[in-house]
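>>> Show me the folded form of this:
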Amino acid sequence: MYKKLNEATSKPVVWSAYTADVLWTDSHIAKQMLAFHLNQDIEAASRSFRFIDDSVNWLVSEFGLNQDSRTIDFGCGPGLYTQRLKQHGVGTVVGLDFSQNSLEYAAEQAKVSHLDIEYHLGNYLNYSDSRQFDLITLVMCDLCALSPEQRSTLLAKFKTLLKPDGVIALDVYTTIRFEKLTESLSLNKNAMNGFWSAQDYWCIQSNFLYEAERVSLDKYVISEADRERTVYNWLQHFTVDMLSQELETHGLEIRATYSDLRGNPLEEGDEMAVIIGHK
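Residues are numbered from 1 along each chain as shown. Here you go, the predicted model:
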């Protein structure tokens, strides 16, 4: 038991494991994630519907999106942004996501509303397309969950998918948020109201900080009667300069900075949004 507890609570090498697929491919967890997306009382997986409405209104207006425009949403979830973009008359709307459960919901909502939206299931790091887009979106600080190598892969992909005058809209966590975090350790039965499994389980949660890299890790070891799983939730925190350096490698640059993707002026806070274009 001593050895197992040591292993469960050990601090791993930064970015040494990747388990994002567990959140999207486990049938029980996928249902919980969809419920989080659609829950207006929390912003665990998606922004509030009011925020999304304001965000889409701003994006459509700011970048003059119309029936001739093409947009693609990386990590579209249940289609909360794609559906609204199509309702605003955007010509081609594409959504990509890992979760079959979320995409089935998105497709059903599009069908009910008679909206022609193109959805693709799979890891968006592996997505390819011969088309180029006027707007690429990556919301809910999704970039922060990717390792440096994964971010490089994604930014290189964005470079090829972006029209010469197109833009990328994304948000990230800031180092201001990182400075507020602390390391901690907890043990709970059926933690997060049964989020991890329909069966009884114990969850050991360890929160680690990597000061040099400005990375945080929430490590979950979930033990059930017949199986054990470890889930790693990494988050990179950025300054404008840090993000600019990563973009420069791929011939991209920040065109504008905001507090969020509603176009609000940039202020010091836990998150920031950026509009990116070709350098």
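>>> and the spatially closest residue to residue 28 that is not a sequence neighbour, helix, strand or coil?
Closest residue in space to residue 28, ignoring its immediate chain neighbours: residue 198 at 5.2 Å, by Cβ to Cβ, 6 or more residues apart in numbering. Heads up, the C-betas are built off the backbone N, CA and C, glycines and all. Under DSSP: H, G, I helix; E, B strand; the rest coil, residue 198 falls in the coil class.
>>> I'd like to know how many residues surround residue 198.
Counted with other Cβ atoms under 10 Å, residues neighbouring residue 198 total 12.
>>> Tell me, please, the helix or strand in this structure that averages the lowest pLDDT.
helix 20-25 (a mean of 73; mean pLDDT, DSSP states H and E).
>>> just checking, what packs against that helix?
Applying 3 or more Cβ pairs under 8 Å, 6 or more residues apart in numbering; DSSP states H and E, one finds that helix 20-25 contacts helix 27-38, strand 228-236.
>>> what about 10 Å?
helix 27-38, helix 100-112, strand 228-236 (3 or more Cβ pairs under 10 Å, 6 or more residues apart in numbering; DSSP states H and E).
>>> Now render these as a markdown table, adding mean neighbour count and mean pLDDT.
Shown next, in a markdown table, are the helices and strands packed on helix 20-25 (neighbours: other Cβ atoms under 10 Å; pLDDT from 0 to 100):
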| stretch | mean neighbour count | mean pLDDT |
| --- | --- | --- |
| helix 27-38 | 17 | 77 |
| helix 100-112 | 17 | 93 |
| strand 228-236 | 18 | 95 |
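>>> Quick one: closest of the ones you listed to residue 164.
Nearest of those to residue 164, taken as Cβ to Cβ: strand 228-236 at 28.7 Å.
>>> What are the buried residues along the helix or strand following that closest one?
The element immediately downstream of strand 228-236 (helix or strand, assigned by DSSP states H and E) is helix 240-248. In terms of neighbour count (16 or more other Cβ atoms under 10 Å), helix 240-248 has its buried residues at 243, 246, 247.
>>> sorry, back to before: can you add distance to residue 163 and give the helices and strands packed on helix 20-25 back as a markdown table?
Output for those, formatted as a markdown table (distance: least, Cβ to Cβ, whole Å):
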| stretch | distance to residue 163 |
| --- | --- |
| helix 27-38 | 29 |
| helix 100-112 | 24 |
| strand 228-236 | 27 |
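>>> Could I get the full set of helices for the stretch 101-250 of the chain?
Applying DSSP state H, counting those that start in this stretch to the stretch 101-250 of the chain gives helices spanning 148-161, 175-180, 191-194, 240-248.
>>> Distance-wise, check residue 259 relative to residue 177.
13 Å (Cβ to Cβ, to the nearest Å).
>>> if we compare the helices of the stretch 101-250 of the chain, which one ends up closest to residue 210?
helix 175-180 (9.5 Å).
>>> mind checking how far the closest one is from the chain centre?
Here the centre of helix 175-180 is set off from its chain's centre by 19 Å, with Cα atoms, centre = their mean, to the nearest Å.
>>> contact partners of that helix?
Contacts of helix 175-180 with the rest of the structure, by Cβ atoms under 10 Å, 6 or more residues apart in numbering, involve 141, 144, 209-211, 213-216, 235-239, 242, 268-272.
>>> Could you do stretch 108-117 as well?
Identification of contacts with stretch 108-117 by Cβ under 10 Å, 6+ apart yields 73, 76, 78-80, 82-87, 90-95, 106-107, 118-119.
>>> Drop anything exposed from these.
For the contacts of stretch 108-117, a burial check counting by 16+ other Cβ under 10 Å picks out 73, 76, 78-80, 82-86, 90, 92-95, 106-107, 119.
>>> for this structure, longest strand please?
Ranked by number of residues, the top strand in the chain under DSSP state E is strand 162-173.
>>> Run the angle between that strand and helix 148-161 for me.
Here strand 162-173 points in a direction 150 degrees away from that of helix 148-161 (axes from the mean of the first three to the mean of the last three Cα atoms, to 10 degrees).
>>> start at 516 instead
All set: I'll call the first residue 516, so the last point we hit is now strand 677-688.
>>> So which elements touch strand 677-688?
helix 564-577, strand 585-589, strand 648-653, helix 663-676, strand 743-751, helix 755-763, strand 767-773, strand 786-793.
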